[in-house]
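Student: Give me a 3D structure for the following:
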Amino acid sequence: MIYNSFNFIVLFPLIFLLYYAIPAKYLKVRNVFLLALSYLLYLQWKPVYALILLSVTAITYYFAIAIVKANHPKRILTFGVILSLLPLVFFKYFNFINETVSGALSTIGLNCHLSGLNWAIPIGISFYTFQALGYLWDVYYKRQEVERDFLCYALFVSFFPSILSGPINKASLVIPQLKRLRTQFDYDKAVEGLKLLLWGMFMKVVVADRVALYVDVVLPHYESYTGLSCLVASFLYTIQIYADFAGYSLMALGVGKVLGFELTENFRRPYFAVSVTDFWRRWHISLSTWLKDYVYIPLGGSRCTKLRNYWNIFVTFLVSGIWHGANWTFIVWGCIHGVCQIFEKMVGQQKSDYGWFGKGVKITITFLIVNFAWIFFRMPTLGDACGVVARIFDPTLPMSVYIPPLPAPPLIALGVFLLVLKDVRDEFFPDRVLLMNNKSVCVRWLSYISLIVIILLTGVFSSDQFIYASF
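Tutor: Numbers count the residues shown, from 1 in each chain. Below you'll find the model as predicted:
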């Protein structure tokens, strides 16, 4: 479900009413309703791809049961992982692998090129595949009991709030909630969920989509703009991808809370990180946790020699880059993060403390590194990414900056200012009461109405897909 759309505004209240119209004692009926709803919403994008979702669900479900019964569970696990990854590799990486191999062969005079695929990538395939694989591995490592209720497991994999762009939930968090008798209605949790929905909507339509109007003008045509304009666009893209992805995650958590569920926290003010390592404790937390549990630790983690540990870090973030997309730009982006973390570990950066001033310097340096890496993430090719970087550092270009026509500049400034203000408060002054949590009913409702008015008057309601939906 696209949360920044008119369909969501109309459908979600109806979903809410129908869900709570089912008495709490009929737990299985509620789960069947949510499962049917999740698949119906998924069918809106491309109906045939629901078969891919169902196949990944069935493979991991039956292989998990087979692992418990098998004398040699590792073989079953390996076969199950390969089968589960086949749809992801085929749809997302076939063209990339095909073009890379063809290019390599052409350098030695061999022409071997298969026809590329023109099919769209099934939406959310990376998220639900990794979520299902996490369950399979947890069963193998005996961290999770095998789930024998197929409907319950299928709902865990396809639950509509998180299937589009995560978070990548653990079975140990969600499945017990699906099996536990839920109260008829939790007012406090629903209010908290609606607040998350409201702020997530603000982040998406007021900040991310408004900032995108500048970024999407400058970066695709960077050759026509000055280095300063490219630098401003890169900073704004750094804001855009955070507001877009974190906004979606908040809305997913909000929808879950309104329906009585707790999902995985995915962001914790990442641009206040004091290192790249710290950044990944705050950014896309569910993915970084998944990579730690199923890539980094199985490779040996930190319980090995220093060189092997550095290699484990590098491979983990190479996998992160590959997960994000079938393009060398994502691989370079992942490698930048991996190399930076290795360097931080080598010099003991995490152990150093230079007081408030030093912390400010570390936050600034980390932000600049992350911003630099986002350029590679955003641009379609390595050549374009290097072209943007070259223009930013070209001293011969004029120092002018592109200013979009009014009212874009003040609207962009307003959205970014309010976002930064809230993150500063949450990071450094957590004890200060926000307007939406004020004890006064009048103050709370005034803040709700003010935020809604800002969203309606300054938001960009184009129903654009969330950036991470393509991953």
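
Student: Wait, residue 345 touches residue 309, no?
Tutor: Yes. At 7.5 Å, residue 345 counts as touching residue 309 under the criterion of CB atoms under 8 Å. C-beta: built from backbone N, CA, C; applies to glycine.

Student: Could you list the domains of this protein?
Tutor: With automatic domain parsing as the criterion, the domains of the chain are listed as 25-181, 188-458.

Student: what's in contact with stretch 140-153?
Tutor: 28, 31-32, 35, 57, 61, 64-65, 67-68, 73-74, 77, 135, 138-139, 156, 171-172, 175, 178-179 (CB atoms under 8 Å, 6 or more residues apart in numbering).

Student: Quick check: mean pLDDT of that stretch?
Tutor: Averaging pLDDT along stretch 140-153 yields 94.

Student: what about residue 148, which SS state?
Tutor: Here residue 148 is coil, with the state taken from DSSP: H, G, I helix; E, B strand; the rest coil.

Student: tell me which residues of the helix or strand encompassing residue 360 are tucked away?
Tutor: Per DSSP states H and E: residue 360 is located in helix 355-378. In terms of neighbour count (16 or more other CB atoms under 10 Å), helix 355-378 has its buried residues at 362-363, 366-367, 369-378.

Student: And for stretch 15-35?
Tutor: Applying 16+ other CB under 10 Å to stretch 15-35 flags 15, 19-20, 22, 27, 30-31, 33-35 as buried.

Student: looking at this protein, which helix or strand is least sure?
Tutor: Ranked by mean pLDDT, DSSP states H and E, the weakest helix or strand in the chain is helix 94-106, scoring a mean of 69.

Student: Please identify which of the domains of the chain is closest to residue 468.
Tutor: Ranking the domains of the chain by proximity to residue 468 (CB to CB) places domain 25-181 first, at 4.1 Å.

Student: Measure how buried residue 204 is and give me the count.
Tutor: 27 (other CB atoms under 10 Å).

Student: Tell me the spacing between it and residue 218.
Tutor: As judged by CB to CB, to the nearest Å, residue 204 and residue 218 stand 21 Å apart.

Student: just checking, residue 274 touches residue 362?
Tutor: Yes. Residue 274 is in contact with residue 362 according to CB under 8 Å; the separation is 4.2 Å.

Student: now for the following helix or strand past the helix holding residue 360, which elements pack on it?
Tutor: Per DSSP H and E, the first helix or strand lying C-terminal to helix 355-378 is helix 382-392. On a contact count with 3 or more CB pairs under 8 Å, 6 or more residues apart in numbering; DSSP states H and E, helix 382-392 meets helix 227-258, helix 328-347, helix 355-378.

Student: and the contacts of stretch 140-153, which are buried?
Tutor: Among these, the ones that count as buried by 16+ other CB under 10 Å are 31, 35, 57, 61, 64-65, 67, 73, 77, 135, 138-139, 156, 171, 175, 178.

Student: what about the helices in the stretch 101-250 of the chain?
Tutor: Secondary structure of the stretch 101-250 of the chain (DSSP state H, counting those that start in this stretch): helices at 125-140, 150-158, 160-163, 171-179, 187-201, 209-218, 227-258.

Student: which other helices and strands contact the third one?
Tutor: Spelled out, it's helix 160-163. helix 27-43, helix 125-140, helix 227-258.

Student: number of nearby residues for residue 460?
Tutor: 19.

Student: so what's it up against?
Tutor: Shown in contact with residue 460 (CB under 8 Å, 6+ apart): 205-206, 209-210, 212-213.

Student: repeat that with 7 Å
Tutor: By CB atoms under 7 Å, 6 or more residues apart in numbering, residue 460 lies in contact with 205, 209-210, 213.

Student: between the residues you listed, which has the most around it?
Tutor: residue 205 (26 neighbours).

Student: What sits closest to that one if chain neighbours are left out?
Tutor: The shortest distance from residue 205 to any residue other than its chain neighbours is 3.4 Å, reached at residue 459 (CB to CB, 6 or more residues apart in numbering).

Student: Equivalent analysis for residue 263, please.
Tutor: Nearest non-adjacent residue to residue 263, counting by CB to CB, 6+ apart: residue 256, 4.4 Å away.
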